[in-house]
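# Need the 3D shape of this:
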Amino acid sequence: MIYVFLDTNILLNKPNIIHDFIDRKINIVIPVTIFDELDNHKKRDDLGYAARSTGRVIESIIANTNYLHLTNDYKQDPHLNLKKADDRILSSAVAFFEQGKLVVLISNDRFLRLKAEAFKINVFSSLNNFYNSQIYIKSLDLNSTKNLQQATRDNDNKGEEKITNRRAKSNNFLSLEEKRMILNSFHELAEKKDNQNRYHYYFLNSKTGRKNIAREFIASGNGYIYGENLPQYQKLTDPRGWVNVKYFTKEELIELVTKAIEAHK
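Predicted coordinates for the structure are as follows:
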């Protein structure tokens, strides 16, 4: 499991960033020194609104999730000045790291990142850099493998329909951004977003006349791949030939998209 630490500036720039991590089931850790920093900024004309918004976001979700952690643990080290806010944040990250946890620090402060690297902490300058990293991608692979192993233990029948039904019962599915990342990894596909915030994918070099082979990917988890010409998915297709991939794992989605593209070459 990944434990992400954010510096105060990241939170001030995007208070709702916490929701993004929670939606992806990523642990986010808030050292109590962050609240001191937010309190110092709450009356400023330029940062006051963001500071207050961040506090409201944390307060609204702390009781409703297991992925948001508050901590006052610090690592005493001669190279860390605990009178400085950034060093206290780093000190908390080091304390988690020394407990054997996989720790990530996201900060736009170059010197904080360099200091964190000296303590062997994984660092990123932005959210996008983290989501594109092997650390995050491998965590998706691990979660997908665990989900598939659990489905296999539940029932020896490995057919797509029963695996999908079991996932539906457990409400376990990839997020919209995870599905978009997978679909955008196929160079053959072009992504388009409509005015209802739905994502569609077109195979522009299709030889069959059908270019739209993936449609209506939305935040609730639904999304459809055209599987009319794929016999192994016939039990999953709706009357128009579309497969709802809401409960597909990463591996299953990649396999279906690959076969759908091949069927239209």
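
# Can you tell me how far residue 207 is from residue 116?
From residue 207 across to residue 116, the span is 51 Å (C-beta to C-beta, to the nearest Å). No exception for glycine: its C-beta is placed from N, CA and C like everyone else's.

# neighbour count winner among the two?
Set residue 207 next to residue 116 and count neighbours by other C-beta atoms under 10 Å: residue 116 wins out with 25 against 9.

# remind me which residues of the stretch 51-200 of the chain are low pLDDT?
141-172 (pLDDT under 70).

# Next, the contact list for the nearest residue to residue 14 once chain neighbours are set aside, please.
Closest residue to residue 14 in three dimensions, ignoring its sequence neighbours and counting by C-beta to C-beta, 6 or more residues apart in numbering: residue 127, at 7.8 Å. Counting by C-beta atoms under 8 Å, 6 or more residues apart in numbering, residue 127 makes contact with 10, 14, 17, 20, 106.

# Closest to residue 64 out of these?
Proximity of the contacts of residue 127 to residue 64 (C-beta to C-beta) peaks at residue 20, which lies at 15.8 Å.

# my read is that closest one is in a helix, agree?
Yes. Using DSSP: H, G, I helix; E, B strand; the rest coil, the assignment for residue 20 is a helix.

# Could I get the full set of helices for the stretch 151-265 of the chain?
Under the criterion DSSP state H, counting those that start in this stretch, the stretch 151-265 of the chain carries helices at the ranges 160-170, 176-184, 250-263.

# Now tell me what touches the one helix or strand residue 96 maps to from outside.
When elements are defined using DSSP states H and E, residue 96 is found to belong to helix 85-97. By C-beta under 8 Å, 6+ apart, the surrounding residues in contact with helix 85-97 are 3, 5, 7-8, 29, 31, 33-34, 36-37, 71, 73-77, 80-82, 103, 105, 109, 112, 115-116, 119-121.

# In strands only, show me those.
Counting by DSSP state E, the contacts of helix 85-97 place 3, 5, 29, 31, 71, 103, 105 in strands.

# Good, we can wrap up now.
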